[in-house]
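A.B. asks: have a look at this fold, sequence not included:
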């Protein structure tokens, strides 16, 4: 079985393991830079951020769901192509360091699902309107009560073999998020 299956099982375990320290909802904005000069913006809403009591091997992790709209652009300014996607992703993160004894540094990982408007984009046939949204990243929390964060993420969109073509699309993101 693939890593997506194991990640989904990890999320399911976290949902049923009991949660503590529920926090606020939040939002995020990502600036995306992809292959073949694809660029974009990703706007996300986080209905809640939760700390999961205990997951085997990982211990305590933060978990949040993210609902997002992606706007992608490819090509020259006066002759460009746009594409849109909506996504739902569960994301887990875990602190691994602290900067200046004050600011948590965390890794994050998530696998969600996306619905993409056009299958033909950036010179590729991505095979399906349905895509998986995979992410790996590192973030630093800061601000009053560490309610803001900056993240550097690698995101990969792929149909996981659901379509005849599956070239995938890769992005490097810089994201700002805030809980409220």
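C.D. replies: That came through, no problem. This structure is a prediction, so every number in the text was calculated from the model and none was measured.
A.B. asks: count the neighbours of residue 177 for me.
C.D. replies: Applying other CB atoms under 10 Å, we find 21 other residues in the vicinity of residue 177. C-betas here are computed from N, CA, C, even on glycine.
A.B. asks: tell me the contacts of it?
C.D. replies: Residue 177 sits next to 26, 27, 28, 29, 44, 46, 139, 148, 149, 151 when contact means CB atoms under 8 Å, 6 or more residues apart in numbering.
A.B. asks: just the buried ones from those residues?
C.D. replies: 26, 28, 44, 46, 139, 149, 151 (16 or more other CB atoms under 10 Å).
A.B. asks: for the fourth one, which non-adjacent residue is closest in space?
C.D. replies: For residue 46, the nearest residue in space outside its immediate sequence neighbours is residue 26; the separation is 4.1 Å by CB to CB, 6 or more residues apart in numbering.
A.B. asks: got the buried residues for the host helix or strand of residue 110?
C.D. replies: Assessed by DSSP states H and E, residue 110 sits inside strand 103-116. Neighbour counts using 16+ other CB under 10 Å place 104, 106, 107, 108, 109, 110, 111, 112, 114, 116 of strand 103-116 among the buried residues.
A.B. asks: what is the least confident helix or strand in this protein?
C.D. replies: strand 19-23 (a mean of 48; mean pLDDT, DSSP states H and E).
A.B. asks: could you point out which element follows that one?
C.D. replies: strand 26-34.
A.B. asks: next helix or strand past that following strand?
C.D. replies: Per DSSP H and E, the first helix or strand lying C-terminal to strand 26-34 is strand 39-46.
A.B. asks: elements contacting that following strand?
C.D. replies: The contact analysis (3 or more CB pairs under 8 Å, 6 or more residues apart in numbering; DSSP states H and E) places strand 39-46 against strand 26-34, strand 59-76, strand 169-179.
A.B. asks: pLDDT of the second one, averaged?
C.D. replies: In this case it means strand 59-76. Mean pLDDT, strand 59-76: 91.
A.B. asks: just want the angle from the lengthiest strand in the chain to strand 103-116.
C.D. replies: The single longest strand within the chain, with elements called by DSSP state E, is strand 79-99. Taking axes from the mean of the first three to the mean of the last three CA atoms, to 10 degrees, one finds strand 79-99 and strand 103-116 inclined to each other by 150 degrees.
A.B. asks: in its sheet, which strands sit next to strand 79-99, and in what direction?
C.D. replies: Strand 79-99 pairs in its sheet with strand 59-76 (antiparallel), strand 103-116 (antiparallel), by DSSP bridges.
A.B. asks: other SSEs contacting the helix or strand containing residue 132?
C.D. replies: Using DSSP H and E, residue 132 maps to strand 130-142. The contact analysis (3+ CB pairs under 8 Å, 6+ apart) places strand 130-142 against strand 79-99, strand 103-116, strand 148-158, strand 169-179.
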